[in-house]
Every structure is written in C-alpha cells, then in structure tokens.
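1. what follows is a predicted structure for the sequence shown.
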Amino acid sequence: MAEQLGLRPQGHPWLKPVRYRASWRPGHDAWGRKEGEPILPAVGDFFRVEGTEVHEVAVGPVHAGVIEPGHFRFQCHGERVFHLEIALGFQHRGVEESLLGGPHRQTTARIETLAGDTTIGHATAFSQAVEALSGASAPPRAQAIRGVALELERLANHTGDLGALAGDVGFLPTASFCGRLRGDFLNLTALLCGNRFGRGLVRPGGTLVDLDDALVAELGRRLEEAMKDLRGAAGLLFGAATVLARFEGTGRVDPATAEALGLVGPAARACGVDQDVRRDHPTGIWRFVHVPVMTAYDGDVNGRAFVRWLEAQRSYDFVKAQLATLPKGAVRAAARPIRPEHVAVSLVEGWRGEVCHVAVTDADGRFSRYKVVDPSFHNWMGLAMALRNEEISDFPLCNKSFNLSYCGHDL
Amino acid sequence: MMKTLLARISQGHRTTRYPDGPAPALPPRFRGLPSIDAARCPTGCRDCADVCPTEAISFAGGKPAIDLGRCLFCPECEAACPEKAISFTGDHRLAVRTRDALHLEGAALPLAKALDEKLLSLFGRSLKLRQVSAGGCNACEADVNVLSTIGWDLGRFGIQVVASPRHADGLLITGPVTKNMELALRKTWDAVPPPKIVLAVGACAISGGPYHDRPEQLGGAAAVVPVDLFIPGCPPHPLTILDGLLRLLGRLEDEGRVPSR
C-alpha cells in the first residue's frame, strides 16, 4: 500500500520498498521521492552486522543457474550466516496495475504468466473470482478437470524440487531421474491442453478443453509409468544416509516462527502447521473430494522435501481417482455479466501454498482493484529466517527447499 | 550401491536420439507454427484480431498476418475464427535470425540460418551461454533448464549454460526486460568477452509478450542488446529451443525432422 498508493504507515520501524516502482498516485510517495527520480532496485540501506571478522556477501540479481533474478545480502562471521536480507523487485512488470479496468482480452495471458510455474493455480484463482462476481459457476466436469490440472502442476513441481534438492547435495541418481520425470508430468498437462504449463486450459466459467475416453486412458497410463519411476527415485533419495545427513537439521524454521510469519504451503506444513486451502476453504472439486493434509515437524530441509514427496503421492491418488470418475456434461458455463460494486476473495492451494486473488468491481462491473498474493510473498521471509546460524554454503540447498517465485512476488 | 544400480537399470536410457533419430512425439493438442488461409476470411471479419491478447494479428488488404514474436500460441484466435482460416499446426520449428522474419502472412517461415563461418568455427563445437531472466515468468526458464536434463542432454552438442558471463560466449535472455533488470542485463552483456551472441527465448524476450504495452518493461531483449536468434513461444517447447540452437550452429541444415502426431 505504501509503495502503490504513497500511504506512509505510522510507527513503521524500517519501511522499505517491495517492488521498487513509482507510486500509482503522482505526487504521493511514501519515501518522499520526487517525481521522475530514478528508483533503483535493491538500492538502499541494508541491515548490517559490524565487528571483527564480520563480513558481508552480496549475491545477485543475476545468479549462477537458470533462475530468476533477486538480490541476497548475507552478514557472515566466517562461514556462519548471522543474517540474510532479501531484496526483490527486479521482475516487476506492473501486473496488478495492468488488471485495473478489466477483465480485458489481455487479462488471462497476464494471469497465466503471473508466476509461470503456477499457471493453473493462478488461472483457477482468477476464474473463481470472476465466477463469484458473475454468478456463473463452472460445471462439475470442468471443476474436476481443473483439479486434475492443479494436481499435475503440483506433481511436476514437487518432482522437480526433489531432483533439484538431490542435485544440491550431490546425489546424482535422483537428480537426473527427477529432472526427466518432471518433464513427463509437464507432458501430461500438455496432453490435456497442448501446453506444458497449462496455458489455455482454465478460463472463467470452466475450461477450454475437454477429455475423451482415449485421452483419459492415455493420461492414466502415462501417469502410472511416471509415478512408478518417481517412487524409485524418491525411495533412493530418502533411503540414502548421505542425503539425510545433509537434509536433516539444515535450514530449520521453528513452528512459532512459521506461524508468526504466516508461512504457507509445504514450507509451513514442514513445520507442523496444519493448513491447506483444499481442506480449510474448499472450492470447486475440493468440496467433494478430500485430500489428506501432509505435515512434518522438524521444519528443516528434510521436512520440506519429505512433505513434497508425501503430497506428490496424494496428488497421484487424486488424479487417478478423478480420471476414473469424471463427471459427465459440459466443461464451460455461459458467461454472465460481472456484478458492479462487489468484492470477491478467491483462494487456491497452489503447489507452493495459498494463492489469493481479491477483485473489487466498480459501478460498471470492471475491476477497480485487483490484488494478487502469490504464496512466495509470504515465504521469502521464511527463507531468510532458515539461513540464520547456517553455513553460507548451505544457502543453495535451503533456497531450493523453499523454491520461491520471484515474479510471483514482484508481480 | 546395489539399490542405485537397480534403480538406474529400471529407469533405463532416456536421452532422445534426436536429431539423429526421430524427434520426441509432441502431444496432439500442441500448438506450433500457425497456418493462415486468407482465402477463407469473410470480408471485413476481424474476429481473430479482436480476441488476440497481445495484438499479434494485423490486417493488410483484408488479409490477416501474425507477428510470431508476439504470438502466445494460445487457442483464442483459432477458436474465434468462424471459417477456420487460422489454425495451429504441429510444426515446432519456429526460430529465425531477424525480428522481421517473424511476421507471418501465410508464406513459409524463413528458418534460422547458421552463424557466419568465423563465428561457427569458434562456437560450432562449443557454445557456452549465460542465462539472464529479465522479467521472465519461470516458464521459459524451466523449459531452457529441461534441455540440460538427461531427456535432452544439451551437453552432447557442446552447448552448456555456464555460471558466469566471463565464461560465456553469449547470453540467452528470457522475459520482457523489466526496467528493474535493464542495468543488470547491460552489465552482464558487458561482462561477456567478444565475439558474443544473444538468443531471445520466448514472446516476452522478443517483443514484451503479454506485457508489450506496459511501461515497466522495455519490449524485449533487442531494446538493450543485439539479438542473433529469436525463438518464439509462450514458452517455446524444449524441442523448439533445441531446433533453434542446432540451426544456429549449422547442425540442422535440412528442414529438420518433424515429429509425428
């Protein structure tokens, strides 16, 4: 609010920009910056630890891997990290502002690329919001297909994360198996809609695609094959003493911190926080089908990895069951006008956690405000806390165990 | 050890034989190179252009043309067309050497030619790339990453993504180039020793994609650095990216194998 609207909260101890952009309201800037003054990302005061042998390490925005940009500032004593501060905003594309006055014909493409690895999660949250505002709910068959797509997205990403975590501790068998298997799960989504990330699948009122018996059979067969190989890859990972020695106790977040920061998704559930939108605020297919919520209790890298593996198995069970019992009927309801001066809050349990969209309409039924909260927005601070008192060399492993979205945060 | 070996045997050999063997099969619903049959267009109809999320479709003399640099390969235009004048084929080959080549009016796409002889002698057998995501949504990044997995094994072509621009022969850029990444991209470019090349991967990096009209971005990589290869898509399929890389290195001089559907 401070950054977008130029409102300065009173009593804030250290107000910093989130996305490093000019205010939407010219002449109102929370930091008193003049109009037209350049705003440079991650330029400003960082928390500093001082003392003998204390040093600072700055990383990014361009990183070593194929990964989005962000800036990390570590305060270290030898190898030990006292404090990590994360400055983002490099990916800021002005998504929320661009949605004002919508929905436009550009809107869905922007929703689907909000966080590209969560295309289904965000497209479902957006569609639910529009459906709530217009009163045109998706038919049961579409709700089931959306559920299948959401769980395939979870399977693909959790599988990729297990492989990446294996790679970061030098356990190459699972790293290479999961690298391939992630693609196999993405290909299942491509079977559904032609795009590996699920673009062109979910739309307000339902889905753009339907399945016939042959496609259902093919999906089921390939899901079975991929899951068999994933079981083997995950079994190796969690059965290797060398892996557990690196995973266990690393990057710990205690449950109280997780609760206080409002962590979401696998990062929260790894700390024993028992929350999942699919159970707590069910919409669509989740009102009829319950997926068990998976938690761990150590809040460490191992917890975050193991929760992912448990969730992947539940997603598999769900997809398999849904493919066997898809409701009959249409996949898209006729569009209806969006009601003026209404508010809709839409929640989806994406693979990283709670995806929240809030839409407010004006007197003409257009968006006067559209707010997006990607799960990463909550969880980046969790990563910063996980690094405290860890060795700086464990940063890649801890980072991967959260695997957060930069563009989902920067919008 | 035994468990690892057994798992390895059970997982099998998974690297595609492409380009020596057939390309991996693409899904039946895959949307590749669009085909335009302007003869079918009803007079005055602009339904396709009206639904396009990125204004990629224009009309000259009543005939539609698609800017593949902006096209998201989404199903909207195909669905909106009353006469099936626009449809998506299964052809994954989309990479070209110039921005203008992406304006498709129904004629064949002038697929990318190889680098000149001097650059080919330098990079033909060993091309090291630094990837810069400048506002990318992590879909292009993910499908670039996938090329390094065992399924594709990019390393067998001598192509590798390296950790530092100092070790690189060029940049592979994704994203529309946000203003907040402009300086970082320039610095990364400056840090690559010449001669160097640039690959723009995905609609965002070519034209700004879904964000082409937003003031927070610069409309693609070419606003900051000279681009040698354009690979369209949202995101491009890994096979499309590989096809582009191999063409640039002169390893796919024929038309390339089109996978069966």
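-> Sure, I can see it.

2. residue boundaries of the strands in the chain?
-> The chain I'm using is chain A. Along chain A, the segments classed as strands by DSSP state E run A:54-59, A:71-77, A:80-87, A:202-203, A:206-207, A:343-350, A:353-361, A:367-373.

3. ah, I was thinking of chain B
-> Counting by DSSP E, the strands of chain B are B:34-36, B:57-60, B:63-67, B:86-88, B:103-104, B:127-133, B:159-161, B:170-174, B:197-201, B:229-231.

4. buried residues, the fourth one. List them.
-> If I follow you right, that is strand B:86-88. For strand B:86-88, a neighbour-count test (16 or more other C-beta atoms under 10 Å in any protein chain shown) marks B:Ile86, B:Phe88 as buried. Every residue, glycine included, has its C-beta placed from N, CA and C.

5. related to what we said a few turns ago, which of the strands of chain B is buried the deepest?
-> strand B:170-174 (a mean of 29; mean count of other C-beta atoms under 10 Å in any protein chain shown).

6. partner strands of that strand and their direction?
-> Counting by DSSP bridges, the strands paired with strand B:170-174 are strand B:127-133 (parallel), strand B:197-201 (parallel).

7. just give me how far the shortest one sits from the chain centre.
-> In this view, strand B:197-201 has its centroid 9 Å away from the chain centroid, taken as C-alpha atoms, centre = their mean, to the nearest Å.

8. same deal with the longest one?
-> Using C-alpha atoms, centre = their mean, the distance from the centre of strand B:127-133 to the centre of the chain it belongs to is 14 Å.

9. how about stretch A:121-131?
-> Relative to the mean C-alpha coordinate of its chain, stretch A:121-131 is positioned 15 Å out (C-alpha atoms, centre = their mean).

10. then stretch B:119-126?
-> In this view, stretch B:119-126 has its centroid 21 Å away from the chain centroid, taken as C-alpha atoms, centre = their mean.

11. what comes up buried for it?
-> B:Leu119, B:Phe123, B:Gly124.

12. which pLDDT value goes with the closest residue to the second one other than its chain neighbours?
-> If I follow you right, that is B:Phe123. The shortest distance from B:Phe123 to any non-neighbouring residue, by C-beta to C-beta, 6 or more residues apart in numbering or on different chains, is to B:Asp169 (5.5 Å). What the model reports for B:Asp169 is a pLDDT of 97.

13. how near is B:Asp169 to A:Lys400?
-> Remark: distance between B:Asp169 and A:Lys400 (C-beta to C-beta, to the nearest Å) = 27 Å.

14. would you tell me which helix is longest in the chain?
-> I'll assume chain A. Taking DSSP state H as the criterion, chain A has its longest helix at helix A:140-168.

15. actually it's chain B I care about, not the one you picked
-> Counting residues, the longest helix found in chain B (DSSP H) is helix B:179-191.

16. sorry, back to before: dump the strands paired with strand B:170-174 into JSON lines; add mean pLDDT as well.
-> Shown next, in JSON lines, are the strands paired with strand B:170-174 (pLDDT from 0 to 100):
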{"stretch": "strand B:127-133", "mean pLDDT": "96"}
{"stretch": "strand B:197-201", "mean pLDDT": "97"}
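
17. out of these, flag the one nearest A:Cys271.
-> With C-beta to C-beta, the closest approach to A:Cys271 among the strands paired with strand B:170-174 belongs to strand B:127-133: 29.6 Å.

18. okay, that closest one in PDB with CA atoms only?
-> Extracted in PDB, the C-alpha atoms of strand B:127-133 (Å, rounded to 0.1, in the frame of the first residue of the first chain):
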ATOM      1  CA  LEU B 127      28.900 -22.800 -27.100                       C
ATOM      2  CA  LYS B 128      28.700 -21.600 -23.500                       C
ATOM      3  CA  LEU B 129      25.700 -19.500 -22.600                       C
ATOM      4  CA  ARG B 130      24.900 -17.300 -19.600                       C
ATOM      5  CA  GLN B 131      21.100 -17.200 -19.000                       C
ATOM      6  CA  VAL B 132      19.600 -13.900 -17.900                       C
ATOM      7  CA  SER B 133      15.900 -13.800 -16.800                       C
END
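
19. show me what that strand is in contact with.
-> The contact list for strand B:127-133 (C-beta atoms under 8 Å, 6 or more residues apart in numbering or on different chains) reads A:62, A:65-69, A:91, A:406, B:140-141, B:144, B:157-165, B:167-175, B:181, B:184-185, B:188, B:192, B:199, B:245, B:249.

20. get me the contact residues on the stretch 151-261 of chain B for chain A.
-> Neighbours of chain A within the stretch 151-261 of chain B, by C-beta under 8 Å from any C-beta of the partner chain: B:151, B:161, B:163-165, B:175-176, B:178, B:180-181, B:183-184, B:188, B:204, B:209-211, B:213-217, B:234-235, B:237-238.

21. now with 7 Å?
-> Taking C-beta under 7 Å from any C-beta of the partner chain as the contact definition, the stretch 151-261 of chain B meets chain A at B:151, B:161, B:163, B:176, B:178, B:180-181, B:184, B:188, B:210-211, B:214, B:216-217, B:234-235.

22. now, which of those residues sits nearest A:Val81?
-> In terms of C-beta to C-beta, no member of these lies closer to A:Val81 than B:Ala163, at 21.0 Å.
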